[in-house]
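K.L.:
structure, please.
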Amino acid sequence: MADYILSLDQGTTSTRAIVFDRAGSILATAQREHTQYFPQPGWVEHDADEIWRNARNCIGLVLADAQLTATDIVAVGITNQRETTICWDRKTGKPLHPAIVWQDTRTQEIVDRIAEEGAEQGGVDRFRERTGLPLNAYFTATKIAWLLEHVERIRERAERGEVLFGTVDSWLTWHLTGGPNGGVHITDVTNASRSLLMRLDTCQWDDELLEAFDIPRACLPEIRSSSEVYGRCSVRSPLPGVPVAGILGDQQAATFGQAAFDMGEAKNTYGTGSFLVYGTGTKPVQSEHGLLTTVAYRLGDGPTHYALEGSIAVTGSLVQWLRDNLGMIKSSAEIEPLAQTVEDNGGCYIVPAFSGLYAPWWRPDARGVIVGLTRFINKGHIARAALESTAFQSADVLDACNADAPEPLTELRVDGGMTVNDSLMQFQADVLGVPVVRPVVTETTALGAAFVAGLAVGFWSGLDELRSLWQEDRRFYPSMPEDAREALRGKWREAVSRSFDLA
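P.N.:
Sure thing, here's the model as predicted:
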């Protein structure tokens, strides 16, 4: 009998395959990084073929490490970097352009044009009530529109259905289930809700939105629930015959993996960027304080569950920038001991607005700044300011969430790679003024994908069983006096204001 679920976790910087058992524990992991391309300022691209190769390799490696075969795997769940957009040839399966990554800002001209055309309907907010999203280069529709405008002959081929568009979940599912030989072209409601093309109330592509962005329906994937059998892996895949049974965008997957299924439950994920997701139940709530309204999940034919989300573009990638661009550290793990060489930030603040600021500011004109520099500042202060910027940005988002939500959060569940940093988690609790709770399994993104896939095939009985699997590892309590907290946050907000109007 098959006793394991395999999660394919395709993130902004790497792809991982993780095998989970019935207790939700990790049996084995394999990971491969992929290349980040920055061809122009504000442009970020990935090689979609490299991502697929890495996915295949990771599946093979994790099965070998766990000493399993495909017959031991009951289902595959997929979670992915959202909004990153791929276009490919239906007949050959070859990408027609590098993947345009969610952080990419090349589509700002399209955003400005569509906002101006709808100035009387709200400008950047003209589609917010329908989609939960402002007009922003972040979202998928702008990237599809750019590709249709800039890749030769692609529009006429897209209208005939010869070219397929999708986010990374669509790309991986299509290849796993056969690619050019009958691959399934689908996406789930969580990824579709990040497109600016899907109505929140119906969870279907909207004709008026497609017309506004001039995108032909024929090239788009079918929208499905987050938990159902979409198809089976082909005989040429590393998992022949295994059903692909769950898809969640990475932040929704992390929320699901934290067992935050109900209204009023929330998590914050610390990865390349950071993302706070707060469940609002089966009715979408429109934010008045700079958050996004998004789909949290939908299980089979059940009701759609919604959430408020605060998206932060740059947190963990700031540490990578210090490593790769400035050479301040040799590995990301060195950032914490370096930051601990100083008692405080020395008055130094880093606002990492490399591609503008997302929630709650939504300032595409912002650019990164380091403020408060004196001869006293050393690399320890810079390292500490980099970590603290993650906590300050998350606190800004939580303030917005508390302003929109019916009940303020009394604790924050956290996950992602940066949560291994105890100093950062303690500082996060200090600047929030509420406890920060880290689970035993911090790979909650992959776990969430495993959960939805397992539910679809009956591997787990339901949400109550999944709740029983979640375990707390450590709780960080706030210890900073309120006046000190407010002073630090006041200086942070002043630093943020210095980043505006620099683009």
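K.L.:
CA only for contacts and neighbour counts going forward, please
P.N.:
OK.
K.L.:
which of the residues in whichever helix in the chain runs longest are buried?
P.N.:
The residue-count maximum for a helix in the chain (DSSP state H) belongs to helix 379-404. Within helix 379-404, the residues scored as buried using 16 or more other C-alpha atoms under 10 Å are 380-398, 400-401, 404.
K.L.:
just stretch 20-40 next, same as before
P.N.:
For stretch 20-40, by 16+ other C-alpha under 10 Å, it's 20-21, 24-32, 34.
K.L.:
ok, now stretch 332-348?
P.N.:
So for stretch 332-348, counting by 16+ other C-alpha under 10 Å, buried means 332, 335-336, 338-339, 342, 345-348.
K.L.:
turn the residues you listed into TSV, including pLDDT, secondary structure and distance to Val44.
P.N.:
Shown next, in TSV, are the buried residues of stretch 332-348 (pLDDT from 0 to 100; DSSP: H, G, I helix; E, B strand; the rest coil; distance: C-alpha to C-alpha, whole Å):
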residue	pLDDT	secondary structure	distance to Val44
Ser332	84	helix	21
Ile335	87	helix	24
Glu336	88	helix	27
Leu338	93	helix	29
Ala339	91	helix	29
Val342	93	coil	34
Asn345	93	coil	30
Gly346	92	coil	33
Gly347	93	coil	32
Cys348	95	coil	28
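K.L.:
reformat those as JSON lines; add distance to Leu8.
P.N.:
Supplementary listing: the buried residues of stretch 332-348 in JSON lines, determined by distance: C-alpha to C-alpha, whole Å:
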{"residue": "Ser332", "distance to Leu8": "23"}
{"residue": "Ile335", "distance to Leu8": "28"}
{"residue": "Glu336", "distance to Leu8": "29"}
{"residue": "Leu338", "distance to Leu8": "33"}
{"residue": "Ala339", "distance to Leu8": "33"}
{"residue": "Val342", "distance to Leu8": "39"}
{"residue": "Asn345", "distance to Leu8": "38"}
{"residue": "Gly346", "distance to Leu8": "42"}
{"residue": "Gly347", "distance to Leu8": "42"}
{"residue": "Cys348", "distance to Leu8": "39"}
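K.L.:
what is the nearest of these to Ala141?
P.N.:
Ala141 has its nearest neighbour among the buried residues of stretch 332-348 in Ser332, at 33.3 Å by C-alpha to C-alpha.
K.L.:
where's that closest one relative to Glu117, distance?
P.N.:
Separation of Ser332 from Glu117 (C-alpha to C-alpha, to the nearest Å): 44 Å.
K.L.:
can you check Arg155 too?
P.N.:
In terms of C-alpha to C-alpha, Arg155 sits 22 Å off from Glu117.
K.L.:
can you check His97 too?
P.N.:
Remark: distance between His97 and Glu117 (C-alpha to C-alpha) = 28 Å.
K.L.:
out of the two, which sits in the busier spot?
P.N.:
His97 (17 against 14; other C-alpha atoms under 10 Å).
K.L.:
list the contacts of the more buried one.
P.N.:
86-88, 147, 151 (C-alpha atoms under 8 Å, 6 or more residues apart in numbering).
K.L.:
buried subset of the residues you listed?
P.N.:
86-88, 147.
K.L.:
narrow the residues you listed to those in helices?
P.N.:
Those of the buried ones among the contacts of His97 lying in helices (DSSP H): Leu147.
K.L.:
which of the buried ones among the contacts of His97 fall within strands?
P.N.:
If you go by DSSP state E, the buried ones among the contacts of His97 have 86-88 in strands.
K.L.:
do a quick rundown of the strands in the stretch 151-300 of the chain.
P.N.:
163-167, 186-188, 222-224, 227-232, 243-249, 266-270, 274-281, 292-298 (DSSP state E, counting those that start in this stretch).
K.L.:
report the angle between the axes of the last one and strand 243-249?
P.N.:
Just to be clear, that refers to strand 292-298. For strand 292-298 against strand 243-249, the angle by axes from the mean of the first three to the mean of the last three C-alpha atoms, to 10 degrees is 160 degrees.
K.L.:
again with the first one
P.N.:
Orientation of strand 163-167 against strand 243-249 (the same axes, to 10 degrees) gives an angle of 60 degrees.
K.L.:
next, the angle from strand 163-167 to strand 85-89.
P.N.:
Inter-element angle recorded for strand 163-167 and strand 85-89: 150 degrees (by the same axes, to 10 degrees).
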